[in-house]
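Participant: coords below, sequence missing:
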DNA sequence: TAAAGACTAGACCAGTTGGTCCAGTGATGC
DNA sequence: GCATCACTGGACCAACTGGTCTAGTCTTTA
């Protein structure tokens, strides 16, 4: 997911990518600032310069960054696809590979950051709009590939939901097989 | 889910149900012992008497208790059902009602406790066997209702996965509609 | 009645938490 | 040469963390 971030990236980027990685792996509350800053090689002062609200601010940014990465993967899968099902199949295979790359230890990149953030509305709302953005992005591919607007929205929503669930179980099981098998189970019924 | 636990339940049960509720709502790391003990009206000494390993021990127990509750709901839905699809439909409706009862603020009762527990293998393994137990339980109903062993296992796995994903998105969206609509989307394709 | 064990109560602790603050640093524009 | 700026480094802090310990109180036995 992240291209060996540490070396030369600007401070702000180093913070975001490191935060995304750690929050995804250990959760928001289980990741201490000290650990995060050490990993990112960034002093505390810089964090509060770039993200005045501190940890929660950084978490939002990391979530956005992760969502953007995810949409890029979507595009890679769907742009060359002849139809929605093919695109979905490629997407799930890509995600399975990503899952293996992360050594099955991470929570679903989409949702990891969004659920144990600082309690309260703003964070949950951010999760909502992020999911909607992802679903919408997927639906756009569906529409482009010939699905009607309603069908595209439906299929996109179902797929996002299924990926979400599959990733969770896959993580417990430490196997990406569920992700790989997903499209076949979803579509060829 | 829990029948207004506080009043008269024995200490140990009060601890478990309160822990299940708080961990589900706020996550493991975000729930402090102080908060938990206040809510359960239990002094610290009692916690370490009943659960010598402390918080993590309690979390395991809470996860098991939650899984048991969930299997009871499964039974309620599947025992009177004429076939697997009907059972699944009833189950999802029951879960939607539960979701609304919890005011949409809680994580999926199945997985909430299992993923941001104390890092390390034992907790993840516990999540794995718990998911397998749930899936197996569901598959047994499937087999009883006439599905072949393979089909039963497949359908059960898919359903658990889908519920998992649907609950997550539903939580972000604060609406149980996704859960209610799930069986139709999964089976009537 | 006595003794034993289950259980409770909460003071106490060392370590860590997220966050503040400000003196420095180095580049840029005038 | 100088002022301004975005940024860094890290000392410092109050609040809180999970966990330990022990004195005490019940309940159950004999």
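Facilitator: Arrived safely, thanks for sending. Everything quoted here is computed from the prediction, not taken from an experiment.
Participant: backbone phi and psi for residue A:111, please?
Facilitator: Phi and psi for residue A:111, reported as degrees, to the nearest 10, are phi -110, psi -10.
Participant: and it, how far is that from DNA strand C?
Facilitator: 20 Å (C-beta to the nearest atom of the strand, to the nearest Å). Glycine gets a C-beta too; all of them are placed from N, C-alpha and C.
Participant: next: residue A:35.
Facilitator: Taking C-beta to the nearest atom of the strand, one finds residue A:35 at 6 Å from DNA strand C.
Participant: residues contacting that residue?
Facilitator: Listed by C-beta atoms under 8 Å, 6 or more residues apart in numbering or on different chains, the contact set of residue A:35 reads residue A:22.
Participant: secondary structure element holding it?
Facilitator: Using DSSP states H and E, residue A:35 sits within helix A:33-40.
Participant: that helix vs DNA strand D: in contact?
Facilitator: No: Helix A:33-40 stays clear of DNA strand D (C-beta under 7 Å from any atom of the strand), getting no nearer than 8.7 Å.
Participant: residues of chain A that sit close to chain B?
Facilitator: Neighbours of chain B within chain A, by C-beta under 8 Å from any C-beta of the partner chain: A:26-30, A:107, A:111, A:114-116, A:119, A:124, A:127-128, A:130-131, A:154, A:157-158, A:160-166, A:168-169, A:171-174, A:178, A:185, A:187, A:189.
Participant: one step back: which other helices and strands contact the helix or strand following the helix holding residue A:35?
Facilitator: From helix A:33-40 onward toward the C-terminus, using DSSP H and E, the following helix or strand is helix A:44-50. Applying 3 or more C-beta pairs under 8 Å, 6 or more residues apart in numbering or on different chains; DSSP states H and E, one finds that helix A:44-50 makes contact with helix A:11-26, helix A:33-40.
Participant: any quick ChimeraX command for the buried ones out of the residues of chain A next to chain B?
Facilitator: The ChimeraX command for the buried members of these (criterion: 16 or more other C-beta atoms under 10 Å in any protein chain shown) is given here:
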select /A:26,27,28,29,30,107,111,114,115,116,124,127,128,130,131,154,157,158,160,161,162,163,164,165,166,168,169,171,172,173,178,185,187
